[in-house]
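Participant: structure of the sequence below:
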Amino acid sequence: MARVKRGVTSHAKHKKVFKAAKGFYGRRKNTIRAAKAAVDKSMQYATRDRRVKKRTIRSLWIQRINAAVREFGLTYSRFIDGLARSGIEVDRKVLSELAISEPAAFKAIVEKAKAALPTKQEAAVAA
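Facilitator: Sure thing, here's the model as predicted:
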């Protein structure tokens, strides 16, 4: 039986790892053992951070909405409560975009939410 030389397969595998390790510092980019470990770890971070990114972006939308509604004398939580009571179903991403690019439309939504909220006297009676 003929001898099998495995250089081609190994080289192809190594090339794939080195391509993924492009831009890494030191031996992590050009030594297969260090590069493989670094690439494996980077893939773990990438998987984790795809989920974390969703949380981060949502919190950014909430911060923007909170800043925008405070100009109308509301807090974020009171505003969301008002939206729920008025039956307006607009997600936070859209509200954030409206607050930035369409202030007039956002103001109309805030006024509707404000109108749906109970006044302080009504809240005192209910409690």
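
Participant: quick one: secondary structure of the closest residue to Leu117 other than its chain neighbours?
Facilitator: Excluding its sequence neighbours, the residue lying closest to Leu117 (C-beta to C-beta, 6 or more residues apart in numbering) is Gly82, at 4.5 Å. C-beta: built from backbone N, CA, C; applies to glycine. Classification of Gly82 using DSSP: H, G, I helix; E, B strand; the rest coil returns helix.

Participant: so what's Gly82 up against?
Facilitator: For Gly82, the contacting residues are Leu74, Lys112, Ala113, Lys114, Ala115, Ala116, Leu117, by C-beta atoms under 8 Å, 6 or more residues apart in numbering.

Participant: look at the first one and report its pLDDT.
Facilitator: Meaning Leu74. At Leu74, the model reports a pLDDT of 94.

Participant: next, the buried residues of whichever strand or helix holds Ala113.
Facilitator: Assigned by DSSP states H and E, Ala113 belongs to helix 103-116. Buried residues in helix 103-116, counted by 16 or more other C-beta atoms under 10 Å: Phe106, Ile109, Val110, Ala113, Lys114.

Participant: please tabulate those in CSV, including the columns distance to Val39 and pLDDT.
Facilitator: Putting the buried residues of helix 103-116 into CSV (distance: C-beta to C-beta, whole Å; pLDDT from 0 to 100) gives the following:
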residue, distance to Val39, pLDDT
Phe106, 45, 96
Ile109, 47, 96
Val110, 49, 96
Ala113, 49, 94
Lys114, 53, 94
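
Participant: who does the helix ranked longest in the chain touch, helix- and strand-wise?
Facilitator: If you go by DSSP state H, the chain has its longest helix at helix 32-70. Packed against helix 32-70 by the contact rule (3 or more C-beta pairs under 8 Å, 6 or more residues apart in numbering; DSSP states H and E) you find helix 7-20, helix 76-86, helix 92-101, helix 103-116.

Participant: Val39 contacts Lys19, correct?
Facilitator: No - counting by C-beta atoms under 8 Å, Val39 stays clear of Lys19, with 9.3 Å between them.

Participant: more neighbours, those two?
Facilitator: Using other C-beta atoms under 10 Å as the criterion, Val39 and Lys19 rank with Val39 on top: 19 against 10.
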